[in-house]
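Enquirer: using only what follows, build the 3D model:
(4 chains, ligands or ions: 2)
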Protein chains: 2
Amino acid sequence: MSAAPSPRAARSRDGIPDATVARLPVYLRALLAYSERGTATVSSEELAAAAGVNSAKLRKDLSYLGSYGTRGVGYDVAYLVYQISRELGLTQDWACVIVGVGSLGHALANYGGFSSRGFRIVALVDADPARVGVTLAGVVVNPIEDLESIIAARAVTIGVIATPGLAAQEVCDRLVAAGVTSILNFAPVVLSVPDGVDVRKVDLSVELQILAFHAQRRSLREAEPATAKSRRAPAMVGGVTP
Amino acid sequence: MSAAPSPRAARSRDGIPDATVARLPVYLRALLAYSERGTATVSSEELAAAAGVNSAKLRKDLSYLGSYGTRGVGYDVAYLVYQISRELGLTQDWACVIVGVGSLGHALANYGGFSSRGFRIVALVDADPARVGVTLAGVVVNPIEDLESIIAARAVTIGVIATPGLAAQEVCDRLVAAGVTSILNFAPVVLSVPDGVDVRKVDLSVELQILAFHAQRRSLREAEPATAKSRRAPAMVGGVTP
DNA sequence: AAGCACTTGTGAACGCGCGAACAAACTCGG
DNA sequence: CCGAGTTTGTTCGCGCGTTCACAAGTGCTT
Ligand SMILES: NC(=O)c1ccc[n+]([C@@H]2O[C@H](COP(=O)([O-])OP(=O)(O)OC[C@H]3O[C@@H](n4cnc5c(N)ncnc54)[C@H](O)[C@@H]3O)[C@@H](O)[C@H]2O)c1
Ligand SMILES: NC(=O)c1ccc[n+]([C@@H]2O[C@H](COP(=O)([O-])OP(=O)(O)OC[C@H]3O[C@@H](n4cnc5c(N)ncnc54)[C@H](O)[C@@H]3O)[C@@H](O)[C@H]2O)c1
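Expert: Ligands and ions are numbered 1, 2, ... in the order given. You can find the predicted model right below:
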């Protein structure tokens, strides 16, 4: 192979930065709120405030999609909703399967906001025979043995793993082998998948521990105001200005 | 104005980057798995693989805590577990309250991994009188009116919001007013809080939409492998850059 | 005791995302 | 038709996080 000067294998995306993609859904939700309220146009300042981000960041994010705003006016709410939806792939439907219908799986299956947009739960799967046959939100729970045939028959593209951690990797492998390339994982394990498969993790425990870290830090700072130097202020010790 | 030459040697414990803090819980989980398996020491390479990160990143992350490794050997599992736990504030207990005991609140209350580490659910609160009085995982559901008194009496420091989006901001305000400075939010809204309050959001819908974006992109790429032309072709009607 | 194999800790380069500032573009009122 | 006011799109500098690469330290073997 040619000795490429920049051997970056992961630069598969020519366009939108990941950080921007992660914010687009937030913008979309804010826009839908404006839409329901009957607002026709919004400025970047307003929308940024609603989304909790900097307005310059918002404008730059939106500029990746194209020039959909009007200078001196703002953005047309309905049009921007459509453009973001299209870019995120929400104009088509996505068939999802939930594997593991325990406490969390039940909550997910019953969650209205799940299927409100293009995401449709077309199948529920569990290994426990006692759970098979139960109907949840209009969908019946199937045995885990039928996973592959269900994925093929219903053209499932998104797999949601809500099993215990021990079973997660095996379930993941079966999902991938059956052709699923997008996986949302609730189990507290690091899944290993081949290239071309996208995994996102939702980890309660991690979030709590991050909160605990900052909380402990706050309490420590309050307890010792003697060494109180706001950590934002640079030390500037011995800084001699010329 | 040039910055100080190298003032970084002194602040070994003062500033752990956020990105590092977010990974420490993952390391901790991997270490606990090693511990249960009876492994005494691990190398950065092994631990990094188990945590799904680069080994250099892992070493740098751990170096923020101190020099707890041994060259030529690796890290002592038990010792590192203790050090990370201490840094994250897991050596003390954290009292949590869950506000909103619906589908998701039920799952959270029953979740074992929640209270396994230092996090203890000391109270459940809901506005629906029909839910008040029910006992979940050994904790009785209290009316929302008692929120402030419960927080004060049980020294609650972490608030978990699992109410519908419409009620989230109000619940958040009450939590903050009652002295809670760490909030985990499951409602699909952007919470506004004063400085000094830490909010983390867990947003299912956002995760799914990010998955959908990449999935759509993959399918588009597969469909058109020949035209390497990024669809960055804007209208450019008469637009001529000088 | 000395060499060897192995691993940590970190210096330095690099790429990327963030935020401020500004010019271009549009509306509206006169 | 023009000017004032408004808002977008973009450019630029900066700081942070990631990664490579390597010197320094450790245990084992001979
Ligand atoms: N409940 C929560 O609030 C919560 C929060 C965060 C994370 N999690 C994680 O989510 C996962 C599920 O949690 P839960 O509380 O619903 O647990 P659960 O035990 O209530 O449910 C797990 C379900 O998975 C099924 N299952 C087990 N092995 C399976 C397999 N190989 N194939 C298919 N199904 C299988 C079980 O039959 C059970 O119905 C766990 O990994 C947990 O750590 C749960
Ligand atoms: N269920 C899921 O899987 C899921 C997934 C992602 C996000 N969410 C979000 O989590 C939140 C809860 O979801 P859910 O499915 O449990 O909804 P739910 O309707 O089942 O439960 C909401 C609970 O909150 C209580 N509540 C309402 N207003 C309240 C108030 N002011 N104070 C205290 N309690 C109040 C209600 O009585 C109810 O018990 C929602 O914002 C939802 O969007 C849920």
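
Enquirer: dump the residue contacts of the residue in chain A positioned nearest to DNA strand C.
Expert: Distance from DNA strand C to each residue of chain A (CB to the nearest atom of the strand) is smallest for residue A:72, at 2.5 Å. Bear in mind the C-beta positions are built from the backbone N, C-alpha and C, glycine included. Contacts here follow CB atoms under 8 Å, 6 or more residues apart in numbering or on different chains; on that basis residue A:72 touches nothing.

Enquirer: hmm, 10 Å instead?
Expert: Going by CB atoms under 10 Å, 6 or more residues apart in numbering or on different chains, residue A:72 touches residue A:43.

Enquirer: so it belongs to a helix, correct?
Expert: No. Read with DSSP: H, G, I helix; E, B strand; the rest coil, residue A:72 is coil and lies in no helix.

Enquirer: any idea of the pLDDT on it?
Expert: Here the pLDDT value assigned to residue A:72 is 94.

Enquirer: with just CA atoms, put the worst-scoring helix or strand of chain A on mean pLDDT into PDB.
Expert: Ranked by mean pLDDT, DSSP states H and E, the weakest helix or strand in chain A is helix A:112-116, scoring a mean of 78. Output in PDB follows, covering the C-alpha atoms of helix A:112-116 (Å, rounded to 0.1, in the frame of the first residue of the first chain):
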ATOM      1  CA  GLY A 112     -43.900   6.800  24.700                       C
ATOM      2  CA  GLY A 113     -41.100   9.100  23.700                       C
ATOM      3  CA  PHE A 114     -39.300   6.100  22.300                       C
ATOM      4  CA  SER A 115     -41.700   5.400  19.400                       C
ATOM      5  CA  SER A 116     -42.800   9.000  19.100                       C
END
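
Enquirer: that helix: which residues count as buried?
Expert: Buried residues in helix A:112-116, counted by 16 or more other CB atoms under 10 Å in any protein chain shown: A:113-115.

Enquirer: after the longest strand that chain A contains, which helix or strand is next?
Expert: Looking across chain A with DSSP state E, the single longest strand is strand A:119-126. Later in the chain than strand A:119-126, the nearest helix or strand by DSSP states H and E is strand A:135-136.

Enquirer: quick one: residue A:158 and residue A:119 touch, right?
Expert: Yes. Counting by CB atoms under 10 Å, residue A:158 does reach residue A:119; the two are 7.1 Å apart.

Enquirer: what do these two both touch?
Expert: Counting by CB under 10 Å, 6+ apart, the residues touching both residue A:158 and residue A:119 are A:94-96, B:208, B:211-212.

Enquirer: make a markdown table out of those and add pLDDT and neighbour count.
Expert: Below are the shared contacts of residue A:158 and residue A:119 laid out as a markdown table (pLDDT from 0 to 100; neighbours: other CB atoms under 10 Å in any protein chain shown):
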| residue | pLDDT | neighbour count |
| --- | --- | --- |
| A:94 | 97 | 24 |
| A:95 | 97 | 18 |
| A:96 | 97 | 26 |
| B:208 | 97 | 25 |
| B:211 | 97 | 26 |
| B:212 | 97 | 24 |
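
Enquirer: just the ones of the residues you listed in strands?
Expert: Per DSSP E, the subset of the shared contacts of residue A:158 and residue A:119 in strands is A:94-96.
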